[in-house]
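Participant: Here you go, sequence then predicted model.
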Amino acid sequence: MLTRALLPGFLCATALLAASGIASASPPMPTLTADSVDHPIQLDGEIDDWEDVEGILVPLSGEGGADQVELRAAIRDDRIYMLAIWDDSSESDLHKPYQWNEASQTYERTDQMEDRFAFSMPISGDFTANKLDGSEFTADVWHWKANRSNPVGLAHDKWWRVSRTPFEGSREFETANGETVHLHRPSDAGDRLYKPVRYYVKEGEILPLYEVNGEARGSVADISANGVWRDGRWYLELSRLLDTGHDDDAVIPPNGTIPFAVALFDGVSNNVVDGGMHSVSELLVLETRAASS
C-alpha cells in the first residue's frame, strides 16, 4: 500500500539555507503557475483555450528528446490541466510495429519507437528529477505515449519506487557515483492499458504490435490526454483530478506547491540499461492558485 501525502507547500533547499542564515548561490527552481480559469479546456490539440494562460519555457538536457518544452497549467473546478508544446520534425506514432517479410511469410518486429512525454511528481520521500541519483522516493508518473495511450485519449498512469534497499519486484541499477539503487515502475491499479498481439496471416505491410484498451478502468486510466502533431510540433494536453482518491497517485494541492519534472522521448528507447535515451528537465515547481469556492 502506498502512502499518499498532501503537499501544501514545497520547501526547497534555497529556503532552508536562507532560514539558517547561510547564503546560497543556487537559483530558485523554475515555477509553473496554475491559476483558475472560468472557461472549459478541450483536449483537442488546439491552444485557443490557453491564450490567456502564461507558461514557462523549460530547457531540457540529454539526447533523444528535445532541447526545450513549453509548459502551461490551469485549474478548473477540481481538475488540473496541462499543456506541453515541443518541436519534433516527425510524428512517431508506432511502437515496435510488425513489418511483413514476404520471403518468410511472417511478420517481424521492427525497432521503430513512439514519441512520449513523462510528467512526474512526489508521493513520498526525497523526490528528485533523476531517479538514479541515489535518492529514495515514490513518485506519480503520467506517461503519455503516442501509440500505446494516445489513441484512447489517455496517458499511462504509473508510479515509481526508488530505494537503496532491495524489495520485491525491483531491479538493480548503478548510479553515477557507483552506488546501487533498486527501482520498480509498475502501472497504477486497474485494467491493463495495452497488450501485444500476434498476426498469423498477412493483413497489411505494417501492423501495430500493441492493442490499446479503450475501456480501461481503475487508477491506470485517471489521466485524460490528447496529443496532436502538426507542422513539426507536438501539442499535448493532459487533465486529471487534483485528488483522485487513489493511493498510487500524488495529491495536487488546490492552493500550494509541489515539485515535478518532465522528460521527452523522440522515438527512442528509455531503457535505463542502455543509458535512457531521452531529454529531461531539472527539478521544477508547480504552484496552484485555485479560486476560492
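Facilitator: Thanks, I have the structure now.
Participant: alpha carbons only for contacts and neighbour counts from here, please
Facilitator: Fine.
Participant: Okay, and residue 204 sits in which element?
Facilitator: Secondary structure from DSSP states H and E places residue 204 outside every helix and strand.
Participant: element containing the residue nearest to it when sequence neighbours are not counted?
Facilitator: Nearest non-adjacent residue to residue 204, counting by C-alpha to C-alpha, 6 or more residues apart in numbering: residue 100, 7.4 Å away. Assigned by DSSP H and E, residue 100 belongs to strand 98-101.
Participant: Also residue 81?
Facilitator: Assigned by DSSP H and E, residue 81 falls in strand 79-87.
Participant: Quick one: residues in contact with that strand.
Facilitator: Outside strand 79-87, the residues that touch it by C-alpha atoms under 8 Å, 6 or more residues apart in numbering are 34, 41, 66, 68-75, 232-242.
Participant: Buried subset of the residues you listed as a PyMOL selection?
Facilitator: The following PyMOL line selects those of the contacts of strand 79-87 that are buried, judged by 16 or more other C-alpha atoms under 10 Å:
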select buried, resi 34+41+66+68+69+71+72+73+74+75+234+235+236+237+238+239+240+241+242
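Participant: now for the helix or strand following the strand holding residue 100, which elements pack on it?
Facilitator: The first helix or strand that comes after strand 98-101 along the chain, using DSSP H and E, is strand 106-109. Of the remaining helices and strands, those touching strand 106-109 by 3 or more C-alpha pairs under 8 Å, 6 or more residues apart in numbering; DSSP states H and E are strand 98-101.
Participant: Give me the distance between the most centrally placed residue in the chain and residue 284.
Facilitator: Centroid-nearest residue in the chain: residue 118, 2.0 Å away (criterion: C-alpha atoms, centre = their mean). Separation of residue 118 from residue 284 (C-alpha to C-alpha, to the nearest Å) stands at 14 Å.
Participant: Kindly report the same for residue 99.
Facilitator: Distance from residue 99 to residue 284, by C-alpha to C-alpha: 41 Å.
Participant: So the two - more neighbours on which side?
Facilitator: residue 284 (20 against 17; other C-alpha atoms under 10 Å).
Participant: give me the beta-bridge partners of the more buried one?
Facilitator: For residue 284, the beta-bridge partners are residue 260 (DSSP bridges).
Participant: List the contacts of it.
Facilitator: Residue 284 sits in contact with 29-32, 259-261, where contact means C-alpha under 8 Å, 6+ apart.
Participant: Adjacent strands (with direction) for the helix or strand where residue 139 lies?
Facilitator: Assigned by DSSP H and E, residue 139 belongs to strand 137-145. With DSSP bridges as the test, strand 137-145 is paired with strand 116-125 (antiparallel), strand 156-163 (antiparallel).
Participant: Of the ones you listed, which stretch is the most buried?
Facilitator: strand 156-163 (a mean of 24; mean count of other C-alpha atoms under 10 Å).
Participant: Dump that strand to PDB, restricted to CA.
Facilitator: The C-alpha trace of strand 156-163 is given here as PDB (Å, rounded to 0.1, in the frame of the first residue of the first chain):
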ATOM      1  CA  HIS A 156      -0.400   5.800 -18.900                       C
ATOM      2  CA  ASP A 157      -0.700   6.400 -15.200                       C
ATOM      3  CA  LYS A 158       2.200   4.700 -13.400                       C
ATOM      4  CA  TRP A 159       4.200   5.100 -10.200                       C
ATOM      5  CA  TRP A 160       7.900   4.600  -9.300                       C
ATOM      6  CA  ARG A 161       9.500   3.400  -6.200                       C
ATOM      7  CA  VAL A 162      13.300   4.000  -5.800                       C
ATOM      8  CA  SER A 163      15.200   2.600  -2.800                       C
END
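Participant: and after it, which helix or strand comes next?
Facilitator: Assigned by DSSP H and E, the successor of strand 156-163 is strand 171-174.
Participant: Would you list the strands that that next one pairs with, along with their directions?
Facilitator: strand 180-184 (antiparallel).
Participant: Brilliant, that's me finished.
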